[in-house]
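1. Dropping a prediction and its sequence here:
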Amino acid sequence: MTLAVQFTHVSRQFGEVKAVDRVSIDIQDGEFFSMLGPSGSGKTTCLRLIAGFEQPSAGSIRIHGEEAAGLPPYQRDVNTVFQDYALFPHMNVRDNVAYGLKVKGVGKTERLNRAEEALGMVALAGYGERKPVQLSGGQRQRVALARALVNRPRVLLLDEPLGALDLKLREQMQGELKKLQRQLGITFIFVTHDQTEALSMSDRVAVFNKGRIEQVDSPRNLYMKPATVFVAEFVGTSNVIRGDLAKQLCGSDLPLSIRPEHVRFADGPVQGHEVEISGLLHDIQYQGSATRYELKLDNGQTLNISQPNSQWQDTHTGHQAGQRITARWAREAMTVLASEA
Amino acid sequence: MNTLALPQATAAGSPMRRFANLLYRRPNVYLALLLVPPLIWFGAIYLGSLLTLLWQGFYTFDDFTMAVTPDLTLANFAALFAPSNFDIILRTLSMAVVVSIIAGFIAFPIAYYMARYTTGKTKAFFYIAVMMPMWASYIVKAYAWTLLLAKGGVAQWFVQHLGLEPLLQFVLGIPGVGGSTLSTSHLGRCLVFVYIWLPFMILPIQASLERLPPSLLQASADLGAKPRQTFMQVVLPLSIPGIAAGSIFTFSLTLGDFIVPQLIGPPGYFVGSMVYAQQGAIGNMPMAAAFTLVPIVLIAVYLSIVKRLGAFDAL
């Protein structure tokens, strides 16, 4: 496997602020790689470093083995889909898509054919004559995608491309993007703050926090085996247990993570070595597909429990707020997290 | 504060309050109230006086008695095409075009720098630097330039010390551009026009470049365009409305000016100074009125050309 993009101890400083702090990543060729993190965590800066809109303060960035630090964007074999789409308002859709070919000197017939083909790829054949203002948000997004793909880049960078779309359209585009990536075999580097998006689309995800990478792993491992407290709480929801209770449960000083849906009530079956704990039921929230219970433990910590409403009948278990309840889970479901520095 | 008291309070409020509520319920009344005063000003006083002026262009002027009689004639407008008058029009028009082009070339880099590279205090400094010349009286500036460009003036001193005297003499020798000195040449007049109208060119271009999202330039570079291509394909087309707006200012202001042509440059009337002379010294009000029609028509033609070129499409 060759590396599409390789970061070695890359830092990017803006004055006193370290937007990216000694980040090292290896992104495989043909991979769907996501950069996930809250705003200001450095994920977008990393993307801009690959595109060439920013230059690193320190470290080395290699794109397909070639040192990229110092190269301007127009000398890099990567293309970007911008968050605000950045379509040229004075050109029609076809000219927008053909732009990259035009500036590289591709002949008119060929570039118009390839632009039409790229528009077909994103299901916008026949929209070439329209101006960007005449398109809906979702259509503009597809044009931006076609405009990047028409250049046949080896690496495609996507900067929160689905952020401005409504939920239904976003889910549809997620599926289409993933399909497109498999079909073309291009490396996709996808920046998002939406953890469900990152989990559902990616081969691997890097979780960013305060300019550093907390964990790089497959979606499944990220969820099941979070390495740090930040990952446990940012990717999905988690109960992080600290202090004496953690020591009592696991025998270590490190914090523990247990997912709310892995906790069962005393009456439910548990596979594996059991851990049991009791507390007062504090709050019950009906959420449609699941019900969420908030348990106040005797030491004052809160434990969230999520139970699927998996039966078509009303499975209301008759739990009441204020009731004393015993919760159980398998020892194997707990993950020991890195100590909080 | 109970809900029942609320409707009563609005109904029985002070007259001011009831008036405010009326405006809220009837937005058209509100709009009329806002628009009627400026429309009266613009319609009756501005357009009205302009039309009366143009109407006078049809009156008859008697060369012997110097009397104006309200006998309608087209003679004044026909006289515009007499060679001596037509020369004035051509001279003014070509100056307006040249001034607009030069101002555009000088203004663009300044506007580009202001819009893309300055923030906060630097930007404020540039705004003040661009506008400051407009705080001084325009006549004072024009007079100052006559001294700067005069024989033995500052401009000539610089040229001499830079050893460019032969070049200046050569340029002044070109017919249609030069003259005996800088201050009596077309070149000098053009220089002063460009200086005086430059802020009107810089500010609209700067505003249009300011609205250009930086992501468009990044997208262009990302797609492989070299900086020159990005400029030609993205920056320039999107700043055309600003350039058009600026050129409308420089073009129309030069067309109507009557001070600079009198102070700087070779002898010979401009449209503005001709109007001034006709209605002042000569007292031929109908001919002056006919001449005022010239800039109006030229600007209308200019606007339609600019519109045809698509400069306003991006607005």
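-> Nice, I can see it.
2. contacts, neighbours, all on C-alpha from now
-> Fine.
3. what about A:Ile284, distance to A:Ile27?
-> 43 Å (Cα to Cα, to the nearest Å).
4. More neighbours: those two, which one.
-> A:Ile27 (22 against 17; other Cα atoms under 10 Å in any protein chain shown).
5. Dihedrals phi and psi, that one?
-> Here is the backbone geometry of A:Ile27 (degrees, to the nearest 10): phi -110, psi 120.
6. Would you mind listing what in the stretch 151-300 of chain B touches chain A?
-> Counting by Cα under 8 Å from any Cα of the partner chain, the residues of the stretch 151-300 of chain B close to chain A are B:213, B:215-216, B:218-226, B:229, B:234, B:237-238.
7. Kindly recompute the last result at 6 Å.
-> When proximity is defined as Cα under 6 Å from any Cα of the partner chain, the stretch 151-300 of chain B approaches chain A at B:215-216, B:221-225.
8. who touches the residue of the stretch 201-341 of chain A found nearest chain B in this structure?
-> For the stretch 201-341 of chain A and chain B, the shortest gap (Cα to the nearest Cα) falls at A:Gly211, measuring 22.6 Å. Neighbour list for A:Gly211: A:19-21, A:41-42 [criterion: Cα atoms under 6 Å, 6 or more residues apart in numbering or on different chains].
9. got the residues of the stretch 151-300 of chain B next to chain A as a markdown table, with secondary structure and neighbour count columns?
-> Formatted as a markdown table, these follow (DSSP: H, G, I helix; E, B strand; the rest coil; neighbours: other Cα atoms under 10 Å in any protein chain shown):
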| residue | secondary structure | neighbour count |
| --- | --- | --- |
| B:Ser215 | helix | 18 |
| B:Leu216 | helix | 20 |
| B:Ala221 | helix | 25 |
| B:Asp222 | helix | 26 |
| B:Leu223 | coil | 31 |
| B:Gly224 | coil | 26 |
| B:Ala225 | coil | 24 |
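10. what about B:Phe81, how many neighbours?
-> Counted by other Cα under 10 Å, the residues lying close to B:Phe81 total 12.
11. ugh, typo on my part, it should be B:Val99
-> B:Val99: 24 surrounding residues under other Cα under 10 Å.
12. Check the one 5 residues further on too.
-> B:Gly104: 21 surrounding residues under other Cα under 10 Å.
13. Then B:Leu80?
-> Number of residues near B:Leu80 (other Cα under 10 Å) recorded here: 18.
14. what separates it from A:Phe7, distance-wise?
-> In terms of Cα to Cα, B:Leu80 sits 75 Å off from A:Phe7.
15. So which residues of the stretch 51-200 of chain A form strands?
-> For the stretch 51-200 of chain A, the strands defined by DSSP state E, counting those that start in this stretch occupy A:58-63, A:66-67, A:78-81, A:155-159, A:187-192.
16. Which of the contacts of A:Gly211 sits closest to chain B?
-> A:Gly42 (18.3 Å).
17. Now B:Trp267. Its backbone dihedrals?
-> You called it Trp, but residue B:267 is Pro. The phi/psi pair for B:Pro267 (degrees, to the nearest 10) is phi -60, psi 160.
18. ok, now which ones touch whichever residue of chain B sits closest to chain A?
-> When scored by Cα to the nearest Cα, chain B has B:Gly224 as its residue closest to chain A, at 4.0 Å. Residues in contact with B:Gly224 (Cα under 6 Å, 6+ apart) are A:74, A:100.
19. Quick check: can you list the domain ranges of chain B?
-> B:5-56, B:75-308 (automatic domain parsing).
20. Give me the phi and psi for A:Arg324.
-> phi -90, psi 130.
21. Grab the nearest non-local neighbour of it.
-> Distances taken as Cα to Cα, 6 or more residues apart in numbering or on different chains place A:Leu280 nearest to A:Arg324, at 4.5 Å, with adjacent residues excluded.
22. contact partners of the helix or strand that B:Gly188 is a member of?
-> Assessed by DSSP states H and E, B:Gly188 sits inside helix B:186-210. Identification of contacts with helix B:186-210 by Cα under 6 Å, 6+ apart yields B:99, B:103, B:107, B:111, B:115, B:130, B:177-178, B:182, B:239, B:242-243, B:246, B:250, B:264-265.
23. Now for B:Arg211, how many residues are close by?
-> 11.
24. Let me see the confidence value for the spatially most central residue of chain A.
-> Taking Cα atoms, centre = their mean, the centroid of chain A lies closest to A:Ala198, which sits 2.8 Å from it. Note on A:Ala198: pLDDT of 92.
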